[in-house]
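Trainee: Got a predicted structure here, sequence first:
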4 protein chains.
Amino acid sequence: MIMRIGFIGLGQMGHAMAANLVEAGHEVTVWNRSPDKADALVERGATRAATPAEAAQGDVVMTMLADDAALEAVVYGDDGILGAPAVHVSHSTISVALAERLTADQDGAGGYVAAPVFGRPPAAAAAMLFVVAAGRDDLIARCGPALDAISQRVFRVGETPSAANLVKLSGNFMIMAAVEAMAEAMTLAEKGGVEPALLLEVLTGTLFNAPVYKTYGEMLVEQRFTPAGFAAPLGLKDMNLVDTAAGRLRTPMPLLGVVRDHLRAAIAQGGGDVDWSAVGAVVRRNAGL
Amino acid sequence: MIMRIGFIGLGQMGHAMAANLVEAGHEVTVWNRSPDKADALVERGATRAATPAEAAQGDVVMTMLADDAALEAVVYGDDGILGAPAVHVSHSTISVALAERLTADQDGAGGYVAAPVFGRPPAAAAAMLFVVAAGRDDLIARCGPALDAISQRVFRVGETPSAANLVKLSGNFMIMAAVEAMAEAMTLAEKGGVEPALLLEVLTGTLFNAPVYKTYGEMLVEQRFTPAGFAAPLGLKDMNLVDTAAGRLRTPMPLLGVVRDHLRAAIAQGGGDVDWSAVGAVVRRNAGL
Amino acid sequence: MIMRIGFIGLGQMGHAMAANLVEAGHEVTVWNRSPDKADALVERGATRAATPAEAAQGDVVMTMLADDAALEAVVYGDDGILGAPAVHVSHSTISVALAERLTADQDGAGGYVAAPVFGRPPAAAAAMLFVVAAGRDDLIARCGPALDAISQRVFRVGETPSAANLVKLSGNFMIMAAVEAMAEAMTLAEKGGVEPALLLEVLTGTLFNAPVYKTYGEMLVEQRFTPAGFAAPLGLKDMNLVDTAAGRLRTPMPLLGVVRDHLRAAIAQGGGDVDWSAVGAVVRRNAGL
Amino acid sequence: MIMRIGFIGLGQMGHAMAANLVEAGHEVTVWNRSPDKADALVERGATRAATPAEAAQGDVVMTMLADDAALEAVVYGDDGILGAPAVHVSHSTISVALAERLTADQDGAGGYVAAPVFGRPPAAAAAMLFVVAAGRDDLIARCGPALDAISQRVFRVGETPSAANLVKLSGNFMIMAAVEAMAEAMTLAEKGGVEPALLLEVLTGTLFNAPVYKTYGEMLVEQRFTPAGFAAPLGLKDMNLVDTAAGRLRTPMPLLGVVRDHLRAAIAQGGGDVDWSAVGAVVRRNAGL
């Protein structure tokens, strides 16, 4: 089924996602704050919208933006998508509080679905993202073809959109927790005369043979923290969103405290351009390496 | 090649390992503090030794004991294996310090190989353990057939035996870290209205599709902490061994601090019979659940 | 020198402070959201203002409010004090960010002085508060008689108002840190058979003979957490302000993480009415007491 | 009342304590592993013992040694004081476990009193130590004049000697906790543009006017960590004793975890000669200073 889809936010991730929608044969209208980011997509058949609102007149409008502020600007700003007839499918990693507000405010119009994604740019390009979707069943059903076109699998986590954001934030926390654990173990091993690469081989060859350990384990072994795949300030922003949610829900999370502190240290010591896995550099430095 | 193998320590793990050695056709001599634990193996063809030393007169003597004290008793006690002609292959999870001492003391005799294992009793029974081996190349080569008979894979981590113990301890720390991370994320999700089972499905379906998350994730979802697969006091003992190694090596490990505190709390609140994954109960209780 | 002083915010603290200004002979104009809180002061000679702005036409206007939102309402709301001719002397415990904003916005008008206070209601009643003041020298000089009338001592911490807020927040963090440390030590002692009261006697009789240990130590010994002198949610709010400042300044503060988690647990387990020293109950519970 | 007192362990602290006993008119017999440390005391009237046992034939024998191992050597080694007729008054900061063992082993002989002290060398020289004493009432009564001669005050914490060790260890933990709290607050302040010295002035001028804040606060302000008043490895040893006690008693102590990690980092980064307050350097480094 061909859908009329708006796509707002053409960064590295959003651009790849929109391209897959075009590729799948949908009628795609795109908007980006810097309009030149849309050029390549327009060449491939997408339509350029003059305003966010213009991109939200079809069946669904998908947004993929950097943070709460950027999404708020697109929704609540001049010519924003607030109250538009399209279902708002929100892929950004945003706060639980904003998700709740957007759900309420879009309720009388096209409706709101939270659909944050797991995956880095190569996965987005290959339409191999994982989507975590939450919202009214009828709305999610309507978005089905659009979500299928960008992902390898869609997880449903209920009818409350903000639940999907909580799951996404939890997942990012779990990644950081795994990185921190590996960093501590590798530093211990290194000081004890064991090559970190050997330790990683054992770990990923046994109980820890998951992508997260392979991807980040190699970065830690090579101490390769630039260029950033996911910059430490963005990682810290996400951990702060987890912290805010945990505060609202009165949930102590001591491991979260550890990784937030190490992200702060990574930025304080290494600048804002390092990858969020640079918590590994902090752990080593604390051990005198 | 048929080897003459002694096996000391016939608990749940050791018994299964010894049975696989018999099964593989080796000449196996067994010893256990409570002799009746050897009965079934003798029936299947093993020989019963009267003392630890008597089990250490062949090619290799393998030990699988609960802790430093139990292993010290078997090596340094009356009729112990100290100075025996067999290669001492030590599978127990022991301190780095004891590994160093055993290496030095067995050097002039049959030699010492550290070969701690990853895997729970079912894996031991199926000869599907992972072995992490360290020691002199000639010694490890000599033990090859014995190690093959109990495992699906042998990892080599250098010529210093204690390195294998450090790797084993690091692995156990990584397990606890993963459990703690899941416990915190699930508690946050639960308080936010997301079923922990749903969160687990997303996690293990995406970046965290490793055995450690599946095994322990289900225990956390079901809050099933008894009977213990690996009792919390044993888990705490291992984390204390990691802590001791980290102290000697001047390595700060804040995540280790978190899990040690939660293991203490799990035992203080739930008694010594709970599984080490009962840190999950502590995390929930701290959130008022 | 008699000054014309406005006072906004007549809670337990503010009421006592305003009373001391009246007592000292100043011409005091008061405003409170619930007007009846002003009755007693009017009886003693204060003038009732109809709006916040009306209270800000004299030499200085002092504000003592619960949090950022309450202060923002009084400044930026209808008939707020924004741009008033009086020097705004802000006693509330607020965020560093709001202090910076207020400083900029009041710069062209009467000017802004940050003057948070240390002390509980009895100290306020006795004019024995400690004031931590920061702002332009001429402005602070002008406020001198007003500050003297409410305090036993005024500390100067520079010309940047927000510096005073940072000092105040740091002080509150130090209090919580001392409470946490005592709670952990007392719990250890209690489980080891030492009366917490005995431990406290030794501590306060030796290196720790400071008010903070005496006041909070007794609450911990008696496990007396209600009624709250300073409620846990307010304490958590302050610790969150510290955390926000630490995040902006890229400063890891692991001890802060511990107390924030314990405050969350205290509220999750004991409700919002407990004193912030109820972190002591959390520590005991984690030890199985 | 003139007593016959043996004194074993003539380091900086012990020498000063023994000198005060001589000064008070007691008959003092001294022993030290390096005998020349006794010379000055012999000149002032003390008697030199040839063995530890020889120093334990009078009314009491006081020991002041570096750690468990040193005290064990003096008690259980050749010509040790085990079973001697004198009351053993043990001033060293030792483990709870060793205190329990010494109590049991000396019970049939002269008896055992734990009497650890608070105070640094200048306080010892001025007979201004604080003594924390625990043991049988009759034994403590007998030691009274000896304890009075070295201290400004004796605290009694019951009849179980190890209780005094627990109190002493708790006190040292509280010191480290206060140092850590100040280090975090000062680092935050410094990054926010507030002079650490100003912050310290406010803290010690208000709620924190206790010796521990003044002494250590100045060291932190000046970043003066050498020469060590109390070396970081000794501080870490004490924190490890607290940790061991906390483990036996199943008491989670997250703040203890923070300071142990920071002491490890201080030593890893700064070497073993820095003061234990060098945790302040670790905190600053983590903030990029």
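Mentor: Thanks, I have the structure now. Numbers count the residues shown, from 1 in each chain, chains lettered A, B, ... in the order given.
Trainee: Please report phi then psi for A:Arg48.
Mentor: Note on A:Arg48: its backbone torsions stand at phi -90, psi 130 [degrees, to the nearest 10].
Trainee: Am I right that it is in contact with A:Ala40?
Mentor: No. Assessed by C-beta atoms under 8 Å, A:Arg48 is found out of contact with A:Ala40, at 11.4 Å. Any C-beta I mention is one placed from the backbone N, CA and C, and that applies to glycine too.
Trainee: residue contacts, A:Leu198?
Mentor: The contact partners of A:Leu198, taken as C-beta atoms under 8 Å, 6 or more residues apart in numbering or on different chains, are A:Ala189, B:Phe155, B:Val157, B:Gly158, B:Val167.
Trainee: correct me, but A:Gly280 touches A:Arg224?
Mentor: No. A:Gly280 sits out of contact with A:Arg224 when judged by C-beta under 8 Å, with a separation of 9.8 Å.
Trainee: who has more neighbours, these two?
Mentor: When neighbours are counted by other C-beta atoms under 10 Å in any protein chain shown, A:Gly280 and A:Arg224 differ, and A:Gly280 comes out ahead with 28 against 14.
Trainee: List the contacts of the more buried one.
Mentor: For A:Gly280, counting by C-beta under 8 Å, 6+ apart, the contacting residues are A:Val179, A:Met182, A:Ala183, A:Met186, A:Thr187, A:Met219, A:Leu220, A:Gln223, A:Phe225.
Trainee: ok, A:Ala38 to A:Met3 distance?
Mentor: Distance from A:Ala38 to A:Met3, counting by C-beta to C-beta, to the nearest Å: 19 Å.
Trainee: pLDDT score for A:Gly108?
Mentor: Predicted confidence (pLDDT) for A:Gly108: 87.
Trainee: nearest spatial neighbour of it, skipping sequence neighbours?
Mentor: Nearest residue to A:Gly108, sequence neighbours excluded (C-beta to C-beta, 6 or more residues apart in numbering or on different chains): A:Gly83, at 7.4 Å.
Trainee: That neighbour against A:Gly111, yeah?
Mentor: No. Counting by C-beta under 8 Å, A:Gly83 stays clear of A:Gly111, with 11.2 Å between them.
Trainee: which of the contacts of A:Gly280 has the most neighbours?
Mentor: With neighbours defined as other C-beta under 10 Å, the most crowded of the contacts of A:Gly280 is A:Met182; it has 30 neighbours.
Trainee: For the stretch 101-250 of chain A, which segments are assigned as helices?
Mentor: Ranges of helices in the stretch 101-250 of chain A, per DSSP state H, counting those that start in this stretch, are A:121-125, A:137-148, A:161-191, A:196-205, A:211-222, A:232-248.
Trainee: what's the neighbour count on the residue of the stretch 51-200 of chain A found nearest chain C?
Mentor: Closest contact between the stretch 51-200 of chain A and chain C, by C-beta to the nearest C-beta, is at A:Glu180 (13.0 Å). Neighbours of A:Glu180 under the rule other C-beta under 10 Å: 25.
Trainee: contacting residues for the closest residue in space to A:Asn165 that isn't next to it in sequence?
Mentor: Using C-beta to C-beta, 6+ apart and skipping residues adjacent in sequence, the residue nearest A:Asn165 is A:Ala99, 4.6 Å away. If a contact means C-beta under 8 Å, 6+ apart, then A:Ala99 has A:Ser90, A:Ala114, A:Pro161, A:Ser162, A:Ala164, A:Asn165 as its contacts.
Trainee: okay, A:Ala99: pLDDT?
Mentor: pLDDT, read off for A:Ala99, is 95.
Trainee: A:Glu23: what's it in contact with?
Mentor: By C-beta under 8 Å, 6+ apart, the neighbours of A:Glu23 are A:Arg44, A:Ala149.
Trainee: For D:Pro35, see how far away it is.
Mentor: 89 Å.
Trainee: From the contact count, pick out the helices and strands touching the helix or strand harbouring A:Val30.
Mentor: Assigned by DSSP states H and E, A:Val30 falls within strand A:27-31. On a contact count with 3 or more C-beta pairs under 8 Å, 6 or more residues apart in numbering or on different chains; DSSP states H and E, strand A:27-31 meets strand A:4-8, helix A:12-23, helix A:39-43, strand A:47-48.
Trainee: I'm done for today, thanks for sticking with me.
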